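Participant: Make a model of this:
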Amino acid sequence: MVLATRIPEIDKAEKPDAVAVRYALVVEYDGTHYYGLQLQSGQPTIQSELEKALKALTGENIRIAASSRTDTGVHAYGQVVSFKNTAKLPPEAYVHGLNYHLPADIAVKAAHPVALDFNARRMAASREYTYTFISSATRSPLTARFAHRISGEPDIAAMNAACQRLLGTHDFASFASEIGSEPEKSTFRHVYRADVVKKDHLTVFTIIANAFLRHQVRNTAGALLQVGAGRMSLTEFENILESRQPGLAGPTLPACGLALVKVNYPLTFEEMK
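Facilitator: Numbering: from 1, shown residues only. The predicted structure follows:
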């Protein structure tokens with residue numbers, strides 16, 4: 001007589017189905033040695049380093065999504081990225097564990113559990129960037145990586161007068177280096193804040209908008225610098241804005257002075273669980 005072989009049932013209590021969770025990370029980085037945030041074949045990027053660290057920490061192949069795609073050499077104090085995984089680690093484990101595996105110029109500042117449908121880019125209400133100038137007759141080794149050196153002192157009042165023309169909703173095509181080919185690609189953006197302040201030997205341009213076009217902040221900073229140096233009038237600045245011709249504003253200033261300061265959401269991370 002042939003006895004049937006009994007296949008034991010899997011104890012589901014001992015081997016539960018893996019349930020994914022989503023986390024949002026607040027990340028700070030010095031972008032000097034990276035080819036931007038987004039993955040690029042054969043090049044070091046912020047995304048590649050974060051994903052390698054996530055793999056080392058969780059053992060999972062994880063793809064992150066970011067709130068803003070910073071370019072080569074651009075820095076961030078408050079970049080937000082999100083990812084989905086099944087590790088179910090507590091927030092502090094993601095912070096300390098990822099920082100253990102990340103290089104010294106990238107750091108996770110906070111980790112927040114969020115809903116599975118959280119989208120770091122689409123759900124963002126606004127982004128805040130700064131562009132920093134340093135007035136110095138000679139190079140400054142301690143600030144060169146984070147500020148663009150200029151000669152002389154710019155006219156802060158004139159720059160702020162130009163900033164006032166940026167507030168509200170406008171077609172910022174003239175301040176973009178390139179425009180997407182899709183017909184529905186809008187170049188309208190809403191600017192909530194734009195101003196220039198003097199901080200000792202530094203001049204800091206701050207701008208907050210719902211979103212930004214390619215190189216918009218660096219081109220805007222370049223045009224403002226022209227105004228501050230007396231090489232462009234306020235009327236000429238306004239004409240550039242109203243002309244809506246891609247690439248008209250500028251020059252495009254170096255990436256070293258640009259930093260993503262903060263990403264704002266309509267709700268707190270606690271409310272987006």
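Participant: Could you use CA atoms for every contact and neighbour count after this?
Facilitator: Will do.
Participant: wait, isn't residue 63 in contact with residue 83?
Facilitator: Yes - if you go by C-alpha atoms under 8 Å, residue 63 and residue 83 touch, sitting 6.4 Å apart.
Participant: okay, the two: which has more neighbours?
Facilitator: Relative neighbour count places residue 83 above the other of residue 63 and residue 83, with 22 against 16, counting by other C-alpha atoms under 10 Å.
Participant: OK, contacts around that one?
Facilitator: 22, 23, 24, 62, 63, 64, 65 (C-alpha atoms under 8 Å, 6 or more residues apart in numbering).
Participant: Quick check: the fourth one is in a strand.
Facilitator: Read that as residue 62. No - per DSSP: H, G, I helix; E, B strand; the rest coil, residue 62 lies outside any strand segment and is coil.
Participant: Model confidence for residue 19, exactly?
Facilitator: Residue 19 carries a pLDDT score of 87 in this model.
Participant: Neighbours of the closest residue to it other than its chain neighbours, how many?
Facilitator: Spatial nearest neighbour of residue 19, chain neighbours left out: residue 86 (5.8 Å); criterion: C-alpha to C-alpha, 6 or more residues apart in numbering. Per other C-alpha under 10 Å, the neighbour tally for residue 86 reads 14.
Participant: mind checking how far residue 86 is from residue 45?
Facilitator: With distances taken as C-alpha to C-alpha, to the nearest Å, residue 86 is found 25 Å from residue 45.
Participant: swap in residue 188?
Facilitator: Per C-alpha to C-alpha, residue 188 is found 29 Å from residue 45.
Participant: swap in residue 265?
Facilitator: 25 Å.
Participant: out of these two, which sits in the busier spot?
Facilitator: Shown here are residue 265 and residue 45; by other C-alpha under 10 Å, residue 45 has more neighbours (21 against 16).
Participant: phi, psi of that one?
Facilitator: phi -130, psi 160 (degrees, to the nearest 10).
Participant: Domain map for this structure?
Facilitator: Structural domains assigned to the chain are 21-123, 126-263, following automatic domain parsing.
Participant: And the residue lying closest to residue 266 once chain neighbours are set aside, how close does it get to residue 212?
Facilitator: Leaving aside its sequence neighbours, residue 266 sits nearest to residue 125 (C-alpha to C-alpha, 6+ apart; 6.0 Å). Per C-alpha to C-alpha, residue 125 is found 12 Å from residue 212.
Participant: Who has more neighbours out of the two?
Facilitator: More crowded of residue 125 and residue 212, by other C-alpha under 10 Å: residue 212, with 22 against 14.
Participant: check contacts around the residue nearest the centre of the chain.
Facilitator: Compute the mean C-alpha point of the chain, and by C-alpha atoms, centre = their mean the closest residue is residue 68, 3.9 Å away. Contact analysis of residue 68 by C-alpha under 8 Å, 6+ apart lists 79, 80, 121.
Participant: for residue 75, same thing?
Facilitator: Residue 75 neighbours (C-alpha under 8 Å, 6+ apart): 28, 29, 30, 31, 32, 146, 256, 258, 259, 260.
Participant: Dig out what it forms beta bridges with.
Facilitator: According to DSSP bridges, the residues that bridge with residue 75 are residue 259.
Participant: May I have the predicted confidence score for it?
Facilitator: 98.
Participant: what does residue 263 give?
Facilitator: Reading off the model, residue 263 has pLDDT 98.
Participant: Bridge partners for it, pull those for me.
Facilitator: residue 127.
Participant: pretty sure it contacts residue 123?
Facilitator: No - counting by C-alpha under 8 Å, residue 263 stays clear of residue 123, with 10.1 Å between them.
Participant: what about those two, which has more around it?
Facilitator: Shown here are residue 263 and residue 123; by other C-alpha under 10 Å, residue 263 has more neighbours (22 against 14).
Participant: With adjacent residues omitted, what lies nearest to residue 230?
Facilitator: residue 155 (7.8 Å).
Participant: I'd like the distance from that neighbour to residue 226, if you could.
Facilitator: 10 Å.
Participant: So if I had to pick from those two, which one is more boxed in?
Facilitator: Taking other C-alpha under 10 Å, residue 155 and residue 226 do not tie; residue 226 has more neighbours (19 against 16).
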